[in-house]
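Asks: One predicted model, sequence on top.
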Amino acid sequence: MKHRQERIAMLTAYDYLMAGLLDESGVDCVLVGDSVGQVFAGEESTLPVTLDQMIYHARAVRRGLRRALLVVDMPFLTYQISAEEAIRNCGRALRETGAQAVKLEGGYEELARTIRRLVDAGIPVMGHLGLTPQSVHSLGGYRLVGRADAERGRLLAEAERLVEAGCFSIVLEMLPKDLAGAITRKVPIPTIGIGAGPECDGQVLVLPDMLGLNEGFEPGFLKRYAQLAEEVREAVSGYVREVKDGVYPGPEHSYE
Ligand code: KIV
């Protein structure tokens, strides 16, 4: 798709029904993101998410997909400790979910060596650079990354390192658009942006954010394509009213 200059549309999903809707609507790639910790479980960060939780959600999502590529996020400390642990955990994620690839955050040298081992073992890896939420504490918060010259140079080098390590694609999160554009032109694999401007080869958003379900979250890059929180409130308060007034169930909803 990169070579055909066809933009890639990716979204996150965490359950079977939504996965089916995404697949039917033409999404190219579905990510079971560890954002599940925040948008599904109400955690403050992605750090508490476990591999068992990712596998549970990815299995549900897999059942909803017919066409789209399925990528599973590997949670914090499932791939950083050693290449052996990474192979065991990423292998488990693919084997137990039916996903086609895993996503790992970071581009440092040791991680690139691990990615090489994973790719050699037959495990396709999507990289993730820029704001890497599993490193929120060392980054000092959820913030734009790559404005300073030193960070910019580091990110360009890390993108090249991930290509050499064998990644098939890289998510670029919260980068200035010119830097994301420079990385996109430099690497032969697709870049998928979130808060990284229009020059990436594709875009990804977190599903509850773009559907307007996560009302408290309003970063500048986010576009809401629906206002589902409003619709849910209206539907549920209509139901509550009708139950209290004895309007539901009506004769058409009752059995003789
Ligand atoms: O966890 C997630 O949903 C992600 C996307 C924001 C890319 O990593």
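Replies: That came through, no problem.
Asks: only C-alpha atoms for contact and neighbour calcs from this point on.
Replies: Fine.
Asks: Spell out which parts of this protein neighbour the ligand.
Replies: 12, 33-35, 206 (CA under 6 Å from any ligand atom).
Asks: what's the farthest-apart pair in these?
Replies: By the measure CA to CA, 34 and 206 form the most distant pair in these, at 10.3 Å.
Asks: Looking at those two, which has the bigger crowd around it?
Replies: Comparing residue 34 with residue 206 by other CA atoms under 10 Å, the one with more neighbours is residue 34, at 29 against 20.
Asks: and the gap between the more buried one and residue 227?
Replies: 23 Å (CA to CA, to the nearest Å).
Asks: Do me a favour and get the backbone dihedrals for the most centrally placed residue in the chain.
Replies: Central residue of the chain (CA atoms, centre = their mean): residue 33, 3.8 Å from the mean position. Dihedral angles of residue 33 (phi, psi; degrees, to the nearest 10) stand at phi -80, psi 150.
Asks: dump the residue contacts of residue 195.
Replies: 172-175, 220-222 (CA atoms under 8 Å, 6 or more residues apart in numbering).
Asks: out of those, who's nearest residue 39?
Replies: residue 222 (14.8 Å).
Asks: shaky segments in the stretch 51-200 of the chain?
Replies: Scanning the stretch 51-200 of the chain for pLDDT under 70 picks out nothing.
Asks: which residues of it fall in helices?
Replies: 51-64, 83-97, 109-120, 136-139, 149-165, 177-186 (DSSP state H, counting those that start in this stretch).
Asks: Would you convert the ones you listed into a markdown table that also reports mean neighbour count?
Replies: Output for these, formatted as a markdown table (neighbours: other CA atoms under 10 Å):
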| stretch | mean neighbour count |
| --- | --- |
| helix 51-64 | 20 |
| helix 83-97 | 18 |
| helix 109-120 | 19 |
| helix 136-139 | 12 |
| helix 149-165 | 18 |
| helix 177-186 | 19 |
